[in-house]
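S.K.: sequence and predicted structure below; questions after.
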Amino acid sequence: MSLQLVQMWVTFAVIVGAIVLLASERVRLEVTCTAIIAFFLVFFHAFPIVGPKGANLLSPEALLAGFANPALLTILSLLVIGQGLFHTGAFEWPTRKLLAIAGRHSALVVPLLLLLVAVNSAFMNDTPVVVMYMPVLTALALRLRLSASMVLMPLSYMAILGGMTTLIGSSTNLLAAGVAARAGVPAIGFFDFTVVGAVLAGSGALYVLVVMPRMLRPRASMTSELTASQEGRQFIAQIELRPGHPLTGQRAKSGLFASLKDMTVRLVQRGEHAILPPFEDVVLQPGDIVIVAATRQVLTEQIKLQGRALFSGSTAGGDGEPAVQRGGIAELTLAEAVIAPGSRMIGRTIEQSGLHLETGCIVLGIQRRSRMIRMPLSDIRVEAGDVILVLGNRDQIRGLRLNRDLLVLEWSALELPHTERANLALGLFAVVVLSAATGLVPIVVAAFVGALAMVASGCLNVRQAARAFDRRIYLLIAASLAMAQVLEASGGASFLAGGVVELFRGAPAPVILSAFFLLIAILTNVLSNNATAVLFTPIGISTAQQLNLDPAIFVYAVIFAANCSFASPFGYQTNLLVMGPGHYSFNDFLRAGAPLVLLIWITFSLFAPWYYGLQ
Amino acid sequence: MTVYMFEMWVTFAVIAVAVALLVTERFRLEITCAGIIVAFLIFFHFYPVLGEDGKEVLTPERLLAGFANPALITILALLIIGQGLFHTGALESPTRMVVTLAGRRPAVVLPAILIIAAIISAFMNNTPVVVMFLPVLGAVAGRLQQSPSKVLMPLSFITILGGMTTLIGSSTNLLVADVAVAAGLPRIGFFDLSVVGGFLAFIGLFYVFLIMPRLLESRATMADEVTGLSGKQFIAQIQISYDHPLVGSEAVAGLFPALKDMTVRLVQRGEHAILPPFEDITLRPGDVVIVAATRQVLADALSSRGNILATEPAEREEEGAAPREETSQLTLAEAVIAPGSRMIGRTLEQSGLHAETGCIVLGIQRRSRMIRMRLSDIRLEAGDVILVLGSREEVRGLRLNRDLLLVEWTAAELPMTEKANRALAIFAAVILAAASGLVPIVVAAIAGALAMIPAGCLNVRQASRAFDRQIYLLIAASLAMALPLEATGGARFLANLVVSNLHSAPPAVTLSAMFLLVMVLTNLLSNNATAVLFTPIAIRTAQAIGVDPSVFVFAVIFAANCSFASPFGYQTNLLVMGPGHYRFGDFLRAGAPLAALLWIAFSLFAPWYWGLI
């Protein structure tokens, strides 16, 4: 076997290994990505691939070039711009107007809003769009007495569908176009695939608006899980231990507090520290806050027995009826909140985040990917998309609404002022989109300038902008670009393309295009969109060249197929983001998303060959 | 070839503005750097510069390529390796051995440690070396009854000198070597700098050991300032428990009547620090009140109302003890915010320091000045010095905290862990692989940085904190500035200007002049920016007078490293400025002669060594 073949098969082996590691999440993403780059650096230093001019095609410079890839820098810049729009609340006011107008026809509001999402996400990264519309849609669902699960997955899908229609609609599009341009395919323009993209998005939107509502089921929220029990509905009450409180000095015996019988102690908050069951040798101190769950019956009895001073607050039931009728006890609210991407709480524990100190709210639980995490609350470092259940009085919860680190899934009527900055952010966004769409400046220049302007104009500060920089996206894309480069240089891309062509020898071009689309659409649900798109773009171009077809058509197929990450929560960041607050299971995505993938595949297979004139 | 006069002058103008903004720190560094790149992106999109093959040279791809520059990535990877060594305490036990060995002759300890620092910094970024040795030297100074100001500036200078001797000794060297290769010069080897660099470092060493101690003055520490320069004031801590007599006492006109003759410095309420002026503050149970008072007042307070000061049962038994002993249970210590600390960018409250360690922060100094802002509003930066108050045990606990560098090396033995050995082995492997030329430096560095994580020396979060966005953006922007300077013919223009001003002077004089120019600028601007900007100019100058360009590239490297005369010229200077309580003038007084000395040494030695005469 010649050295070149060895190099090619080693490349395949590394890429397969990388895909397995990335898909199984066995190792942290940052480590996997760096390891991929490091391996290629060492391997191709030892066994260089010599180009026609005698230079090493895979020198460290070439392998590391992904870190400065214009498409990657564009994506990061657009993330900063999206963060600016989110932070200034730029889209709140237009959304509110729409709601006010459509308010009378409540059945129409949700579809209208979802269409707005699709239009919006055509010109923005998908993640900030979902972040901005998630609280609105959940609030709306609540008003229509729907479960949040009925609207959140559609939100994610609409954002993805909208993202298919323009070059800056999603990071995948930019990356595939960047790789294609480097391979010598003519540069893809802003609206070059808008027609096909819009047809696909249109058929997808019909499915999302008409069929999906019948497939999704209401899911139990964290609140209802916490308050459900065999003896009927539980209420949450809060006991603040002031000096002289009867509970002061109580010691837990075999995990229970004797004077709180019939009640389940959920949590003892001491300063920033949360003490969780099992309680062993915990002595209650003045200043502690004890959170208990009990039925209405028990709460009322306890108040009769021990006096009103026992409780400092309790929650209302689902019907809005207070747990304790004549108690005069402050009313508490339970609310779910999602950790926003770019939140400064990310990577810290709840204690470290100082949430209790800052907002007065107490965190009762954390869910990740719709599951309660089996770790002490105080050891969990929160990630973007985690859902926390917070307890506080109405004002405190309402105060969270202004907090950009958390998305409270309850859109209060509280009017946020439409500030000058929101206008500024909107203006900057419009200028960036216009100058990129008209081709006045390259997209990377427009995006970079826009991101700087967001910071310089005060819509974001440097720290907030830096948090929008996602090291996982950065490393993953750089590693994908390195893999694509190696695939190309080692001859792997044309080898695989040859395999595809050989397999479909004699089949008409539309069939090959359709099969290619399906392959990518499947892989993109397992792997990240961006990695899939970057890896398959060189293979697609090579296939087209071997078939004497326009490579651009295959690049578009890669773009559309790589965007079809509907069938798994891990395929795309927006899916992961709605998984928590929608309380979806993995299967929900498969059941609702797989038909959509099929639908888009069929639409593409029928429409694209006709549109591009393939016979 | 087309002449791009307009483009060239615009480039000069942008660079001049950029230098002015970077020096004055008018805007945040990140904004200035991104602004530089944006200016060039837009300008050269509308006024393209064509190369000899008729293609656009300054495309967005090229201008942004700095973000993936191998030298820049090497620097970041080496920072992660340095962070791994620091986090595992890898160099603590070797250092401790030296300290114990030389312990009997204290006069030897200081030079011995400084020489070790110089040797290590030859193979490592300078910042982690200073971070690791700062507590050691602080402790040694304390034992020798010297002010930390006598030893910390020497530490910074020594690491800079050590960094001159190999290619990976400092980030500047790596960047210049990369820019030179991009300009078509032969690759600079690992030890190519070592002879001249070693000579310069040696000369500098003599200065640091023999002359600098005479130039440096002792400076008052923060503790001195808080307790009054005469040292007559003592700090005491009053824990307000539920039945404490001070509960409910209210501040009247900023003073607490119950605490007369004492100055209330701070009231700590949970994580929140309440500072003077106290208006409408009522003391609550759980508050901790920090007061400063003379011994007399404390003694009086103890004898008359002992229960005000001593609150915890354990202390109550010692009632009546001399206030000296009573208050001596508390320790004041200074700690530096380490680079890569997770406290950076947060306020003290957000950092949760009080909850985690029990220590109370009494003050924050930045660049040797108390910050005139409310303590709770200050977002900490690397190099800030905080004055903490805590029991001896609590303060000693900070020693294990890698977010803070305690400027006081306690005798607490840290176990030499398995991880420390692993970190050292990775470090050694990286150096060997790079020095022997087995793999390129960038490959060795990335592999080493990666290995730190599975080896357990760092976790991903800690490693990513070693990633410094200011360094990243500044270097990328510098590389973007160097590109148009070359492409528009600006470098050639400036080189000709230099040559024609020194009409027919011998090459040695031109070399010396170039060194001086770079050396002056490096003290105002960052080393890296200076070096990257001057490398193309130096290469063009050498070509104009017909000398080997490598010689001029070496001159740029050495000169750009000579950032001794200002605290802002180099990160390590900024890092020791706080704990050493130096003023700007201190650096000028002690550093300018060193820079001048190195200039003279270079001007005499280098032309002879490279045969320019």
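M.R.: Now that the structure is in, tell me what you want to look at. Please read all numbers here as calculations on a predicted model, not as lab measurements.
S.K.: got the contact list for A:Leu167?
M.R.: For A:Leu167, the set of contacting residues under the criterion of C-beta atoms under 8 Å, 6 or more residues apart in numbering or on different chains consists of A:173-174, A:177, A:188-193, A:436, A:443. To be clear about C-beta, it is placed using only N, CA and C from the backbone, and glycine gets the same treatment.
S.K.: that one should be in a strand, yeah?
M.R.: No: read with DSSP: H, G, I helix; E, B strand; the rest coil, A:Leu167 is coil and lies in no strand.
S.K.: any weak-confidence spans in the stretch 101-250 of chain B?
M.R.: Counting by pLDDT under 70, the stretch 101-250 of chain B contains low-confidence ranges at B:102-104, B:106, B:223-234.
S.K.: burial count for residue 86?
M.R.: In the absence of a named chain, chain A is used. The burial metric for A:Phe86, expressed as a neighbour count using other C-beta atoms under 10 Å in any protein chain shown, is 26.
S.K.: think we crossed wires, I meant chain B
M.R.: 26.
S.K.: quick one: it and B:Arg402 touch, right?
M.R.: Yes: in terms of C-beta atoms under 8 Å, B:Phe86 counts as a neighbour of B:Arg402; the distance is 6.9 Å.
S.K.: okay, and the common contacts of those two?
M.R.: Counting by C-beta under 8 Å, 6+ apart, the contacts common to B:Phe86 and B:Arg402 are B:Ala338.
S.K.: for chain B, which segments are assigned as strands?
M.R.: With strands called from DSSP state E, chain B shows them at B:233-239, B:263-269, B:272-274, B:288-294, B:330-337, B:360-366, B:369-370, B:385-391, B:404-406.
S.K.: can you put the ones you listed in CSV and add distance to B:Pro135 and mean neighbour count?
M.R.: Conversion of the strands of chain B to CSV gives the following (distance: least, C-beta to C-beta, whole Å; neighbours: other C-beta atoms under 10 Å in any protein chain shown):
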stretch, distance to B:Pro135, mean neighbour count
strand B:233-239, 22, 22
strand B:263-269, 25, 20
strand B:272-274, 25, 18
strand B:288-294, 25, 21
strand B:330-337, 8, 22
strand B:360-366, 17, 21
strand B:369-370, 22, 13
strand B:385-391, 13, 22
strand B:404-406, 5, 25
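S.K.: OK, contacts around the closest residue to chain A within chain B?
M.R.: With C-beta to the nearest C-beta, the shortest gap between chain B and chain A falls at B:Ala68, namely 3.4 Å. By C-beta under 8 Å, 6+ apart, B:Ala68 lies in contact with A:61, A:64-69, A:478.
S.K.: so which of those are also by chain B?
M.R.: Checked against chain B using C-beta under 8 Å from any C-beta of the partner chain, these yield the following neighbours: A:61, A:64-69, A:478.
S.K.: quick one: which of those is nearest B:Ala601?
M.R.: Out of the ones next to chain B among the contacts of B:Ala68, the one with the shortest distance to B:Ala601 is A:Glu61. That distance is 35.5 Å, counting by C-beta to C-beta.
S.K.: confirm that that closest one sits in a strand.
M.R.: No: A:Glu61 sits outside any strand when classified using three-state DSSP, being helix.
S.K.: if I look at A:Leu590, how far off is A:Leu535?
M.R.: Distance, A:Leu590 to A:Leu535, by C-beta to C-beta, to the nearest Å: 23 Å.
S.K.: no no, B:Gln365
M.R.: As defined by C-beta to C-beta, B:Gln365 lies at a distance of 52 Å from A:Leu535.
S.K.: and if you look at A:Asp379?
M.R.: For A:Asp379, the distance to A:Leu535 (C-beta to C-beta) stands at 37 Å.
S.K.: so which of these two has more stuff around it?
M.R.: A:Leu535 (26 against 10).
S.K.: check contacts around the more buried one.
M.R.: Each residue near A:Leu535 by C-beta under 8 Å, 6+ apart is listed here: A:15, A:480, A:483-484, A:487.
S.K.: element containing it, please.
M.R.: Following DSSP states H and E, one finds A:Leu535 within helix A:529-546.
S.K.: next SSE after that helix?
M.R.: The helix or strand immediately downstream of helix A:529-546 is helix A:551-562, counting by DSSP H and E.
S.K.: tell me the mean pLDDT over that following helix?
M.R.: Mean pLDDT, taken over the full extent of helix A:551-562, equals 95.
S.K.: follow-up on the earlier one: can you tell me which of the contacts of B:Ala68 end up in helices?
M.R.: When helices are assigned by DSSP state H, the members of these inside them are A:61, A:64, A:478.
S.K.: tell me the helices and strands packed up against the helix ranked longest in chain B.
M.R.: Longest helix in chain B by number of residues, with DSSP H as the criterion: helix B:584-609. For helix B:584-609, the contact count by 3 or more C-beta pairs under 8 Å, 6 or more residues apart in numbering or on different chains; DSSP states H and E identifies helix B:149-163, helix B:194-206, helix B:212-215, helix B:507-522, helix B:549-561, helix B:571-580 as packing neighbours.
S.K.: out of these, nearest to A:Met134?
M.R.: Among the helices and strands packed on helix B:584-609, the nearest to A:Met134 by C-beta to C-beta is helix B:571-580 (41.5 Å).
S.K.: now the closest one: average pLDDT?
M.R.: 87.
S.K.: return the list of helices and strands in contact with it.
M.R.: With contacts defined as 3+ C-beta pairs under 8 Å, 6+ apart, the packing partners of helix B:571-580 are helix B:126-143, helix B:149-163, strand B:330-337, helix B:584-609.
S.K.: just want the angle from that helix to strand B:385-391.
M.R.: 40 degrees (axes from the mean of the first three to the mean of the last three C-alpha atoms, to 10 degrees).
S.K.: now helix B:571-580 against helix B:149-163, angle please.
M.R.: For helix B:571-580 against helix B:149-163, the angle between stretch directions is 170 degrees (the same axes, to 10 degrees).
S.K.: got a list of contacts for helix B:571-580?
M.R.: B:126-127, B:129-131, B:134, B:138, B:148-149, B:152-153, B:155-156, B:159-160, B:219, B:334, B:336, B:339, B:365-368, B:382-385, B:405, B:407, B:563-564, B:566-568, B:582, B:586-587.
S.K.: next one: A:Asp588 relative to B:Asp287, how far apart?
M.R.: From A:Asp588 to B:Asp287 the distance is 51 Å (C-beta to C-beta).
S.K.: which parts of the stretch 201-350 of chain B sit against chain A?
M.R.: So far as C-beta under 8 Å from any C-beta goes, the stretch 201-350 of chain B lies against chain A at B:242, B:270-272, B:285-286, B:345, B:349-350.
S.K.: which of the residues you listed count as buried?
M.R.: Using 16 or more other C-beta atoms under 10 Å in any protein chain shown as the burial test, those include B:270-271, B:285-286, B:345, B:349-350 as buried.
S.K.: okay, and which of those map to helices?
M.R.: Secondary structure from DSSP H places B:349-350 of these in helices.
S.K.: reduced to three states, what does A:Leu335 come out as?
M.R.: Not quite, residue A:335 is Ala, not Leu. Going by three-state DSSP: A:Ala335 is strand.
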